[in-house]
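Novice: Starting from these lines, generate the structure:
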Amino acid sequence: MPVRIQKLVRPGQTKAFRNLAHYFPLCVGLLLLSARSFAAGKSPPIDGLVIEADAQAAGEPLDHYWSRCVGAGRANEGLRAAWLEQLKMAHETCGFEYVRFHGLFHDDMFVYHEKDGVVTYNWQYIDDLFDRLLAIGVRPFVELGFCPGELASSNSTVFWWHGHTAPPKNNEKWAQLVSAFAQHCISRYGAEEVRRWYFEVWNEPNTTMFWSGTKSQYFELYRVSAMALKGVDPALRVGGPATNNFTPDGRFDGEEEDRRHQVTLTAPDIDALSWKGAWIVDFLHYCAREKISVDFISTHPYPTDNAYDPVDGKMRSKTRKIDSVHDDLTWLRVALARSEFPNAELNLTEWNSSPSPRDSSHDYLQEAAYIIKVNLNCIGLAHILSFWTFTDVFEEGGGGETMFHGGFGLINAQGIVKPSFHAYRFLNALGDEVLKQADGFIVTRDHTTRAVSSLIYHYPPEIAQAIPRSGGQEGLDREPAEKVLATGKPRHVSLRITHCGVGRTFRVETLDEKHGFALRAWQKMGSPEPASREQTQILRDSAMDTRQEVIRTNDQGELIWDCYLAPWTVVLIKEI
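Specialist: The predicted model follows:
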């Protein structure tokens with residue numbers, strides 16, 4: 001298919017000369033590019049992407065649901081300077097409005113103490129944390145959990161910091177804790193402010209890892225928690241069940257997780273199976289029957305499944321197709337529509353390319369393309385799709401063994417941003433009206449300034465899955481991530497936006513393997529471990545150094561841009 005590269009035309013050029021100016025550089029450029037590619041033994045580019053949009057066309061509203069919330073590890077980590085500094089940067093640059101984390105009632109927050117049957121509450125650590133969040137401009141998405149040790153019904157715990165996963169031994173005392181907490185927050189911050197928060201009951205109670213009780217015990221915990229909150233202020237927003245991954249089998253159908261029902265370990269094609277959300281339908285039925293409020297439904301649509309292998313007792317990670325999150329959110333919308341709570345918000349309170357804090361793919365360029373593709377494909381399906389997490393100041397698996405250890409974060413522990421950070425920065429730079437969208441791009445406009453922007457990404461069709469996991473419980477392994485990064489062919493992109501206005505200026509910002517890819521810069525430096533103060537600062541600067549150029553509209557008021565994109569490249573074009 002012939003492709004046309006257009007350049008700026010000077011006033012006074014004839015039409016014939018303009019056409020020659022358009023086509024001659026293209027012919028020469030394509031011949032040179034083809035010669036270089038074949039000489040290097042590379043595959044020819046895949047079919048091109050042609051983008052045509054009108055800057056003055058009627059637009060559709062665009063909700064930046066991706067910027068509404070982001071995750072973090074546990075509450076106590078939020079008392080650290082680096083954590084707070086990175087949250088401020090993520091808020092100011094990526095637009096995040098809420099942050100969610102575990103462990104608000106954990107023992108290291110010193111909230112609950114009971115002696116001789118007398119309970120006392122200590123809110124000082126929570127106050128310090130919430131004060132600092134609000135000063136930054138970020139609100140808490142409150143996760144009610146885990147159980148304070150003195151209130152837990154058993155000694156079952158998770159992580160090295162021993163989060164108590166047992167149900168409360170006394171639900172009345174738990175309800176009193178929730179009620180007192182809500183009353184304190186309103187007293188300190190005001191009812192109008194706290195009504196804008198979210199209160200989620202527990203985290204992933206469908207798994208034995210995070211909940212040692214039964215499904216019925218969790219439903220009862222939700223009931224008493226919701227009643228306690230609504231008893232303080234009926235306008236407080238409460239939801240659940242905060243369950244993890246979708247599954248295609250009956251492992252979560254009973255009162256407790258039963259791995260004997262798993263089918264993904266041996267299934268020849270897991271994407272041919274019918275996947276469903278854990279506990280969602282049962283939870284909605286229970287709340288309708290008991291007349292319990294549900295202001296939002298929450299769950300975690302990771303595009304993976306951890307299949308239990310009974311032979312060696314290990315979990316085998318399975319990666320689903322690239323559209324799995326879209327399919328899961330569609331399933332949730334149908335489930336809500338059929339329930340007694342069709343107007344409940346759909347808040348996905350955790351999501352990433354995998355649920356592993358030691359997945360090298362999280363540090364790689366392909367993570368950015370995945371984030372953008374999924375978020376753009378799921379527009380209109382959710383109120384919140386919360387990325388897990390904004391920082392590698394995160395200790396569920398202990399401290400990171402190396403600067404780039406495959407942590408969840410958009411920013412590593414040293415404050416060096418990853419390609420995933422740029423993905424959210426680019427998404428946040430979009431306007432609030434959609435002019436044109438298809439797979440591989442979106443063109444938007446700001447309804448106030450009328451400024452136009454476009455986000456273009458190349459997620460190569462050779463990868464039909466979400467980003468495959470690279471390493472994990474077996475240890476750090478970058479080889480699978482490197483293979484994925486090397487997969488795919490270049491793609492030609494031709495962009496033409498009409499009626500922009502003559503002489504309008506746009507910035508073209510490119511994230512690729514040579515620009516804004518911190519891991520690669522660290523490797524070229526010799527992978528110093530630890531990096532010196534000077535090296536760390538160089539890496540911080542390099543990580544923000546995306547490739548930038550300025551282009552202008554032509555005499556017809558058209559913005560025209562052509563480029564060959566390497567696989568996994570992301571480009572933001574924004575009017576300035």
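Novice: The closest residue to residue 300 other than its chain neighbours: what secondary structure?
Specialist: Excluding the flanking residues, the one nearest residue 300 by C-beta to C-beta, 6 or more residues apart in numbering is residue 350, at 4.0 Å. Just so you know, the C-beta spots here come from the backbone N, C-alpha and C atoms, and that holds for glycine as well. Assigned by DSSP: H, G, I helix; E, B strand; the rest coil, the conformation of residue 350 is coil.
Novice: part of a helix, is residue 496?
Specialist: No: assigned with three-state DSSP, residue 496 falls outside any helix and is strand.
Novice: Give me the pLDDT for it.
Specialist: Looking at residue 496, its pLDDT is 98.
Novice: In contact with it: list those residues for me.
Specialist: 6, 51-53, 558-560 (C-beta atoms under 8 Å, 6 or more residues apart in numbering).
Novice: what's near enough to touch the closest residue in space to residue 466 that isn't next to it in sequence?
Specialist: Using C-beta to C-beta, 6+ apart and skipping residues adjacent in sequence, the residue nearest residue 466 is residue 303, 3.7 Å away. Neighbour list for residue 303: 319-322, 324-325, 353-354, 465-466 [criterion: C-beta under 8 Å, 6+ apart].
Novice: any idea how far residue 257 is from residue 303?
Specialist: 20 Å (C-beta to C-beta, to the nearest Å).
Novice: Repeat that for residue 162.
Specialist: According to C-beta to C-beta, residue 162 stands 21 Å off from residue 257.
Novice: So those two - more neighbours on which side?
Specialist: Comparing residue 162 with residue 257 by neighbour count (other C-beta atoms under 10 Å), the higher total belongs to residue 257, at 18 against 15.
Novice: Of the contacts of residue 496 - the most surrounded one?
Specialist: Neighbour tally across these (other C-beta under 10 Å): the maximum, 26 neighbours, falls on residue 559.
Novice: next one: phi and psi at that residue?
Specialist: Per-residue torsions, residue 559: phi -100, psi 120 (degrees, to the nearest 10).
Novice: which residues touch it?
Specialist: Neighbours of residue 559 in contact, by C-beta under 8 Å, 6+ apart: 55, 452, 495-497, 500, 504, 506, 551, 553, 573.
Novice: now it, which residues is it bridged with?
Specialist: Per DSSP bridges, the residues bridged to residue 559 are residue 497.
Novice: From residue 48, how far off is it?
Specialist: Separation of residue 559 from residue 48 (C-beta to C-beta): 18 Å.
Novice: And residue 540, by the same measure?
Specialist: Using C-beta to C-beta, we find residue 540 at a distance of 36 Å from residue 48.
Novice: do the same with residue 570
Specialist: Distance from residue 570 to residue 48, by C-beta to C-beta: 17 Å.
Novice: cool, and residue 309?
Specialist: Where residue 48 is concerned, residue 309 sits at a distance of 44 Å (C-beta to C-beta).
Novice: tell me the strands in the stretch 1-150 of the chain, going along the chain?
Specialist: Under the criterion DSSP state E, counting those that start in this stretch, the stretch 1-150 of the chain contains strands at 46-54, 60-61, 69-74, 98-102, 112-115, 118-121, 139-144.
Novice: can I get these in CSV with mean pLDDT?
Specialist: Putting the strands of the stretch 1-150 of the chain into CSV (pLDDT from 0 to 100) gives the following:
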stretch, mean pLDDT
strand 46-54, 90
strand 60-61, 97
strand 69-74, 98
strand 98-102, 98
strand 112-115, 95
strand 118-121, 96
strand 139-144, 98
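Novice: Is it possible to get CSV of the ones you listed that adds distance to residue 249?
Specialist: Shown next, in CSV, are the strands of the stretch 1-150 of the chain (distance: least, C-beta to C-beta, whole Å):
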stretch, distance to residue 249
strand 46-54, 36
strand 60-61, 38
strand 69-74, 27
strand 98-102, 27
strand 112-115, 38
strand 118-121, 42
strand 139-144, 27
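Novice: which residues does residue 511 form a beta bridge with?
Specialist: Bridge pairing for residue 511 - DSSP bridges - gives residue 570.
Novice: Could you report the distance from it to residue 547?
Specialist: Distance, residue 511 to residue 547, using C-beta to C-beta: 8 Å.
Novice: and if you look at residue 225?
Specialist: From residue 225 to residue 547 the distance is 50 Å (C-beta to C-beta).
Novice: now swap in residue 443 and tell me
Specialist: Separation of residue 443 from residue 547 (C-beta to C-beta): 21 Å.
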